[in-house]
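>>> pasting a predicted model and its sequence here:
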Amino acid sequence: MSEDTSGRSDIGDGSNDVTVGEPGLVRIGELSRRVGISDHTLRAWETRYGLLRPHRSSGGFRLYSADDERRVRRMSHLLGRGLSPAEAARVVLGERDEDTVLLRLPPPPENLPPPPENTTTLASAQAAQAGPHGGPHGGPQGGLLGGDAAARSPFHAARDSLTRALDRFNDAGAHGVFDEMLAQFSVEAVLREVVVPFLHTQGERWQNGDISLIQEHFASNVIRGRLAGLARGWASGAGPRAVLACPPGELHDLALMVFGIVLRGGGWRVVFLGADTPVGQIVPALTPTPQLVVIAATNRHRLEAVADDLREMSGVVPISLAGVGASARFADRVGATYLPDDPVGAAQRILAATR
C-alpha cells in the first residue's frame, strides 16, 4: 500500500499544528508499516470509529502519535479474539468493558439472506480439506457468487487475493487479506464467504493439478493459524459447552474449527479436541457432561469403527455428526443428529435452536 501523500483530508480535527519532524509523530504510511495494517484500513478505523486522533502539520499533513499506535495494536488484538470491528473499537475507546463484551451471550444473526445454491456444506468443506492425498485444502475458485455479481463482490476479490498470496508462499500477504476483511465485515461473514469457499475449492485445484502438495500444506498451515487466533479463549465463559472432535484416523478438522468459532460467537463454550480423537473417552474425561458433542469425518469407515462408542455416548449427551463420512441414516442408527449445512449455517442453526 502506498503512503498518503496528500495528507489534506478533512478527517478528524486534529490538535495544534506541528512540524512533520516532531519526535513521536509519524505519517500514516509509517504507522501502517509499524503495525502491519494497511493505510486503507487505518483510515477506515479513523473515519468510522474515531480510533485514530491525528495531529496536523502546518502543511496540512495528518500525523499520528504513540497513543494512536497503541490503540491500533489493541484493536488488532481484539479482532483476533473474534470481536467485530465496531465492538473492538468501543472497547479500545473505553466505551465498553472487554470482559463483558467477550463473555456476553449474543443472539445469532437474524434475517440472514438465504445461502447461494452452490454454498459449501460442512461435509464438502471438510472433504475438500482431505483431498486425494490427505492434505488440507483451501482456495477461492468458483466461490459463492458467479458472473458479474462475483466480480463486484469484495469477498470474491478477497478469495482471489488469498489464493495468490498462498500460492506464492506469502503468509504476510494472506494475513493482510484477513486483516482487511475483518476490519470491514463480521467474523461470520469472513468465514462463510472467504474461508469456507477457500477450503472447498482448493480441493478442486489439487485434483486438477493446479497446485502442488507443498502449496497445499503451506496454505493449510496459514489458515489453521489464523483460525486458531480467532478461537483463542473459546472454552471460557458461562454458556453451554460443546465438544468438537474427529474420530481416530481422521486428520481434517479445519471446517470443524470454523463451526466452533461461530458457535463460540453465539455464547457457547467450545472444547476443541480436533483430529484423531478417541471418541469413547470424550464423555468420561469431561466433567460436567457437555451439552453437545460434534463428531466430523471425511470417511464413513472411521465413523463405522466407533459406532458402538457413538451409540453409547448418545444415551448420555446429544451428538451431532458432520462431514462427508456422515449421513442422516448413520446418525439415526447411532442416536445422533446429522448436520448437512455449511459450517457457519450449521452453527447458526444450533444457536437458533438453543436461544
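Okay, I see it.

>>> what's the lengthiest helix in the chain packed up against?
The single longest helix within the chain, with elements called by DSSP state H, is helix 213-230. Helices and strands touching helix 213-230, by 3 or more C-beta pairs under 8 Å, 6 or more residues apart in numbering; DSSP states H and E, are helix 154-167, helix 171-184, helix 196-207, helix 254-265. Where you see a C-beta, it was placed from the backbone N, CA and C, and this is true even at glycine.

>>> would you mark the buried spots in stretch 297-307?
Residues of stretch 297-307 classed as buried by neighbour count (16 or more other C-beta atoms under 10 Å): 297, 298, 299, 302, 303, 304, 306.

>>> tell me how this structure divides into domains.
With domains defined by automatic domain parsing, the chain comprises 17-103, 122-230, 241-353.

>>> save these as JSON lines, and put in mean pLDDT too.
Below are the domains of the chain laid out as JSON lines (pLDDT from 0 to 100):
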{"stretch": "domain 17-103", "mean pLDDT": "78"}
{"stretch": "domain 122-230", "mean pLDDT": "74"}
{"stretch": "domain 241-353", "mean pLDDT": "93"}
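
>>> what's the local residue count around residue 63?
24 (other C-beta atoms under 10 Å).

>>> just confirm it contacts residue 54, I think it does.
Yes - taking contacts as C-beta atoms under 8 Å, residue 63 lies within contact range of residue 54: 6.0 Å.

>>> okay, residue 235: pLDDT?
Looking at residue 235, its pLDDT is 89.

>>> now residue 95, what's its secondary structure?
coil (DSSP: H, G, I helix; E, B strand; the rest coil).

>>> how about it, what does it touch?
Residue 95 sits next to no residue when contact means C-beta atoms under 8 Å, 6 or more residues apart in numbering.

>>> relative to residue 49, how far out is it?
Residue 95 is 10 Å from residue 49, where distance means C-beta to C-beta, to the nearest Å.

>>> same deal with residue 188?
Applying C-beta to C-beta to residue 188 and residue 49 gives a distance of 20 Å.

>>> could you dump stretch 265-280 to CSV, C-alpha only?
Extracted in CSV, the C-alpha atoms of stretch 265-280 (Å, rounded to 0.1, in the frame of the first residue of the first chain):
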residue,chain,number,x,y,z
GLY,A,265,-19.6,-16.2,18.8
GLY,A,266,-23.1,-17.1,19.9
GLY,A,267,-22.0,-17.6,23.5
TRP,A,268,-21.2,-21.3,23.7
ARG,A,269,-18.0,-22.6,25.2
VAL,A,270,-16.0,-24.8,22.9
VAL,A,271,-13.7,-27.6,23.9
PHE,A,272,-11.9,-28.4,20.6
LEU,A,273,-10.3,-31.8,20.6
GLY,A,274,-9.6,-31.8,16.9
ALA,A,275,-8.2,-34.6,14.8
ASP,A,276,-7.7,-38.3,15.7
THR,A,277,-9.6,-38.3,18.9
PRO,A,278,-10.5,-41.5,20.9
VAL,A,279,-14.2,-40.9,20.8
GLY,A,280,-15.1,-43.3,23.6
